[in-house]
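Enquirer: coords please:
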Amino acid sequence: MILDRILERKKAELRRKESRGYLAELKGRITERPLPLGFTQALENATSHDSPALIAEVKKASPSQGLMRPEFADRFEPVEIAQIYKEHGATALSVLTDRDFFQGSLENLSSVKEGVGLPTMNKEFMVGDVQFYEARAYGADAVLLIVAALDRVQLEDFHAIARGLNLDVLIETHHERELDRVLERLPEVRLIGINNRDLKTFSTDLAVTQRLAKRIPSDKIIVSESGIHKRDDVLRILEAGARAMLVGESLIRADDIGKKIQELIGTTN
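Expert: Predicted coordinates for the structure are as follows:
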């Protein structure tokens, strides 16, 4: 399974980084940064009856599809893309920072946050403590925790580390067992992601959001992720109870990114 490959590579990458000097360097950078922006609060404030709040994703490549656009082989401008997102109605941003499978970087995260200024999530496969210090040091306001990638102890410990660094947390679930674990072990969590993508086949099905949303208490902000390509998809997850949506591929691949955002959120003239 692709997730297992990513996690193994990520653990090896982390072993190379683990040194007292590197962590001290990150902590030094953190002391020089302002407090994170309110990622969760921004989504809550932007929720409307017409559309979930949009978390727009800056993504160069994926393990299943390669480069999102052919021209990214020669020119990839994450800040330029993120600025278009902001100008056309995105509430928050997500930046892929995994290098080996998604061709991302922490530098992309930092440049997007500094250049655009919207609340920004570090989209990464978290497997060790140092990654949370990296996220904070490079300007993240939130991090992602994938329940399928973590055991119960890791889930609780990583959530505590993130909150201790003033980072908001989006916890991603794929099925009922994962969701029940989150609701039982971390009842205080506000952001619950439902990923419509099957991690084994990489196919997407919005019925996952429709099914799992029914089990989530009304005080949570449901974030539907993956498989959102057209306005009808947005209306479908909105009716299911999603108050935010994370969209990357359909925006990045669009001929006109701004027009695609307007289509999704229902502001097309």
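Enquirer: buried sites along the worst-scoring helix or strand of the chain on mean pLDDT?
Expert: Within the chain, no helix or strand scores below helix 2-17, which has a mean of 89 by mean pLDDT, DSSP states H and E. Neighbour-count burial for helix 2-17 flags Ile6, Leu7, Arg9, Lys10, Glu13, Leu14 (criterion: 16 or more other Cβ atoms under 10 Å). Placement of C-beta: from N, CA and C, glycine included.
Enquirer: Only alpha carbons, please: show it as PDB.
Expert: C-alpha atoms of helix 2-17 as PDB (Å, rounded to 0.1, in the frame of the first residue of the first chain):
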ATOM      1  CA  ILE A   2       1.300   3.400  -0.900                       C
ATOM      2  CA  LEU A   3       0.700   4.800   2.600                       C
ATOM      3  CA  ASP A   4       3.000   2.100   4.100                       C
ATOM      4  CA  ARG A   5       5.700   3.000   1.600                       C
ATOM      5  CA  ILE A   6       5.500   6.700   2.400                       C
ATOM      6  CA  LEU A   7       5.600   6.000   6.100                       C
ATOM      7  CA  GLU A   8       8.700   3.800   5.900                       C
ATOM      8  CA  ARG A   9      10.500   6.400   3.800                       C
ATOM      9  CA  LYS A  10       9.400   9.100   6.200                       C
ATOM     10  CA  LYS A  11      10.800   7.200   9.200                       C
ATOM     11  CA  ALA A  12      14.100   6.800   7.500                       C
ATOM     12  CA  GLU A  13      14.200  10.500   6.600                       C
ATOM     13  CA  LEU A  14      13.400  11.400  10.200                       C
ATOM     14  CA  ARG A  15      16.200   9.200  11.600                       C
ATOM     15  CA  ARG A  16      18.700  11.200   9.500                       C
ATOM     16  CA  LYS A  17      17.300  14.400  11.000                       C
END
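Enquirer: After that helix, which helix or strand is next?
Expert: Sequence-wise, the next helix or strand downstream of helix 2-17 (DSSP states H and E) is helix 20-31.
Enquirer: and the helix or strand following that following helix, what other elements does it pack with?
Expert: Toward the C-terminus, helix 20-31 is succeeded by helix 39-46 as the next helix or strand (DSSP H and E). If contacts are counted by 3 or more Cβ pairs under 8 Å, 6 or more residues apart in numbering; DSSP states H and E, helix 39-46 sits against strand 53-58, strand 92-96, strand 168-173, strand 191-195, strand 221-225.
Enquirer: Those strands: which one's closest to Phe132?
Expert: strand 168-173 (9.8 Å; Cβ to Cβ).
Enquirer: For that closest one, which outside residues touch it?
Expert: Residues from elsewhere that reach strand 168-173 (Cβ atoms under 8 Å, 6 or more residues apart in numbering): 36, 38-40, 121, 141-148, 155, 159, 162-163, 179, 182, 186, 189-195, 212, 223, 225.
Enquirer: Could you list the buried residues of that strand?
Expert: Asp168, Val169, Leu170, Ile171, Glu172, Thr173.
Enquirer: Equivalent analysis for stretch 140-159, please.
Expert: 140-150, 155, 158-159.
Enquirer: can you check stretch 194-204 too?
Expert: Result for stretch 194-204 [16+ other Cβ under 10 Å]: buried residues Ile194, Asn195, Asn196, Arg197, Thr204.
Enquirer: picking up where we left off before, go through the buried residues of helix 2-17 and say which is closest to Gly89.
Expert: Nearest to Gly89 among the buried residues of helix 2-17 is Ile6, at 31.0 Å by Cβ to Cβ.
Enquirer: can you tell me which of the buried residues of stretch 140-159 are in strands?
Expert: Ala142, Val143, Leu144, Leu145, Ile146 (DSSP state E).
Enquirer: And the first one, how close does it get to Leu43?
Expert: When you say that, I think you mean Ala142. Applying Cβ to Cβ, to the nearest Å, the value for Ala142 to Leu43 is 10 Å.
Enquirer: between the two, what contacts are shared?
Expert: Counting by Cβ under 8 Å, 6+ apart, the residues touching both Ala142 and Leu43 are Ala92, Leu191.
Enquirer: Just the C-alpha atoms of the strand or helix carrying Gly258, please, in CSV.
Expert: Here Gly258, judged by DSSP H and E, is contained in helix 257-265. Provided in CSV are the C-alpha atoms of helix 257-265 (Å, rounded to 0.1, in the frame of the first residue of the first chain):
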residue,chain,number,x,y,z
ILE,A,257,-7.7,28.3,-11.2
GLY,A,258,-9.7,31.4,-10.1
LYS,A,259,-12.7,30.5,-12.2
LYS,A,260,-12.6,26.9,-10.8
ILE,A,261,-12.7,28.2,-7.3
GLN,A,262,-15.6,30.4,-8.1
GLU,A,263,-17.4,27.4,-9.6
LEU,A,264,-16.9,25.3,-6.6
ILE,A,265,-17.9,27.9,-4.0
